[in-house]
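Engineer: Curious how this folds, go ahead:
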Amino acid sequence: MKTEIINQLENILTETTQLLDSFSQADINTVPFKDSWTAAQVGCHLLKSETGIDGLFYTPTKKADRKPDENIDELKKIFLDYSLKFKSPDFILPEDKIYDKEELIGSLKEVKTKITEAAKNVDLDEIAPLPQGHPFEGYTKLEMVHFLAYHTTRHNRQIQNIKKMI
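Structural biologist: Below is the predicted model:
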């Protein structure tokens, strides 16, 4: 199960860069409709939310005193329900600027490598060392891999929708 979700995550993160690469430099920074992010801003949001996760995985903590996959179904239900709308926390909001497509894709590829290598080389049954008050405080590293997969899948769909509108 762990190898399967890590492979899925790797494929989902690869899909993100392939989707972004399908845009021209101009189109990746084009607002498709009122109050929407650009495809580049979605990519930036993903980059901000994924950067440093490898460090979180590598930080040794205690094993969960519960089933390490207990919250996976709930995460899937929340993030893959496209009728739900979320407000992004400020610290992972993308800047309103023109992004360099190649630089953004390169950064996302680098983060993908770091995350997937970390996930393959740590004990995912450990509790993720998240700060007190974090929405996923007490979640396992395995559950965080699933979160990344579902969160990124959600935003890949958003990028696909932006592509259709441009």
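Engineer: Please enumerate the helices of this structure.
Structural biologist: Assigned by DSSP state H, the chain shows helices spanning 2-21, 39-50, 53-58, 72-79, 101-121, 141-165.
Engineer: right, and the ones you listed - which one's nearest Ser88?
Structural biologist: Of all those, helix 39-50 sits nearest to Ser88, with 6.3 Å by C-beta to C-beta. C-beta here means a position set from N, CA and C on the backbone, and glycine is covered the same way.
Engineer: Format the helices of the chain as CSV; extra columns: distance to Pro129 and mean neighbour count.
Structural biologist: Output for the helices of the chain, formatted as CSV (distance: least, C-beta to C-beta, whole Å; neighbours: other C-beta atoms under 10 Å):
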stretch, distance to Pro129, mean neighbour count
helix 2-21, 19, 16
helix 39-50, 16, 22
helix 53-58, 6, 17
helix 72-79, 18, 15
helix 101-121, 13, 17
helix 141-165, 9, 20
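Engineer: Tell me who's in contact with Asn29.
Structural biologist: Taking C-beta atoms under 8 Å, 6 or more residues apart in numbering as the contact definition, Asn29 lies against Thr38, Ala39, Ala40, Ile98, Tyr99.
Engineer: which pair in those residues spans the largest distance?
Structural biologist: For these, the farthest-apart pair by C-beta to C-beta is Ala39 and Ile98; their separation is 12.4 Å.
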